[in-house]
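Asks: sequence-free structure coming up:
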């Protein structure tokens, strides 16, 4: 196959999803983008009318904040992965939510959390209506808006950590551990200053959190020991230790690649290594949108541009 023939599908996809459709003197949005946005609008309508009036994953965070406020145990040792509103995160999340849950009742917190997730999706889509709805057409994103977990927030943190503030890898790690692979990525790329800074931020968060609630951290470590490295809280029947190793390998491979390949690969590594990898976790792949599909909105950092030039 000739180079021109191999490029034909890429050209066709660009025309379908990226190039405006000329109608006379006017230019309409790309037809593929309109189709995806239509699907996304339908999914959003189904999720909004059927599930937003009921508490979901976000209620677990509110309850965890309440437990801290009232001096109750943060974790239920008898809970399973299917226990309603069970809390599995590091204590940091509950500590951040606690002062908010002291002010907001459960229902108001749920609506505020939903607004935060919608804002994250809007931002990831470049703050444009059609791309936002097209993003919701990615079923894991629609499912995330149904269950209202933390993965769209993590997607925003990872994008900002890759392109602007590496220290946010530590913030993401305080929520779901695997964004800590960003430190591996930075170190393997030779960005030692950023790696050290991120590590210091992470240690500072840990120190403050442990000082505020040492008993909660003792409970969290007990939970980790009880679940063990062979835990398979995932739609893939693969023990966590194996997914963690694969994620680590992908993060190192990402560091050895040029940024335009390595940055998306790092996102995949972080998703693979998430402690719980249910279907909603795939919504973190929405981080690929600003990194890959909208480069004009997210120009590479000076480090990425310099590295790209040296590898071309």
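Replies: Nice, I can see it. As the structure is a computational prediction, the values presented were derived from the model and not from experiment. Residues are numbered from 1 along each chain as shown.
Asks: can we go C-alpha only for contacts and neighbour counts from here?
Replies: Fine.
Asks: Let me see the contact set for residue 109.
Replies: Going by CA atoms under 8 Å, 6 or more residues apart in numbering, residue 109 touches 62, 100, 101.
Asks: Surely it is in a helix?
Replies: Yes: under DSSP: H, G, I helix; E, B strand; the rest coil, residue 109 falls within a helix.
Asks: From residue 85, how far off is it?
Replies: 14 Å (CA to CA, to the nearest Å).
Asks: Is the closest residue to residue 87 other than its chain neighbours within a helix or a strand, and which one?
Replies: In space, and not counting its chain neighbours, residue 87 is closest to residue 60: 5.8 Å by CA to CA, 6 or more residues apart in numbering. For residue 60, the host element (DSSP states H and E) is helix 57-69.
Asks: Same question for residue 224.
Replies: Applying DSSP H and E, one finds residue 224 within helix 214-227.
Asks: again with residue 145
Replies: Short version, using DSSP H and E: residue 145 is in helix 139-147.
Asks: model confidence over that helix, on average?
Replies: Mean pLDDT, helix 139-147: 95.
Asks: packing partners for the following helix or strand past that helix?
Replies: Once helix 139-147 ends, the next helix or strand along the chain (criterion: DSSP H and E) is helix 151-163. Packed against helix 151-163, as judged by 3 or more CA pairs under 8 Å, 6 or more residues apart in numbering; DSSP states H and E, are the following elements: helix 106-124, helix 139-147, helix 168-176.
Asks: Dump those to TSV, plus distance to residue 41.
Replies: Formatted as TSV, these follow (distance: least, CA to CA, whole Å):
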stretch	distance to residue 41
helix 106-124	13
helix 139-147	10
helix 168-176	29
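Asks: out of those, which comes closest to residue 153?
Replies: helix 106-124 (6.2 Å; CA to CA).
Asks: which element follows the closest one toward the C-terminus?
Replies: Helix 106-124 is succeeded, C-terminally, by helix 129-136 (DSSP H and E).
Asks: List the buried residues in that following helix.
Replies: If you call a residue buried by 16 or more other CA atoms under 10 Å, then helix 129-136 has these buried ones: 130, 131, 132, 133, 134, 135, 136.
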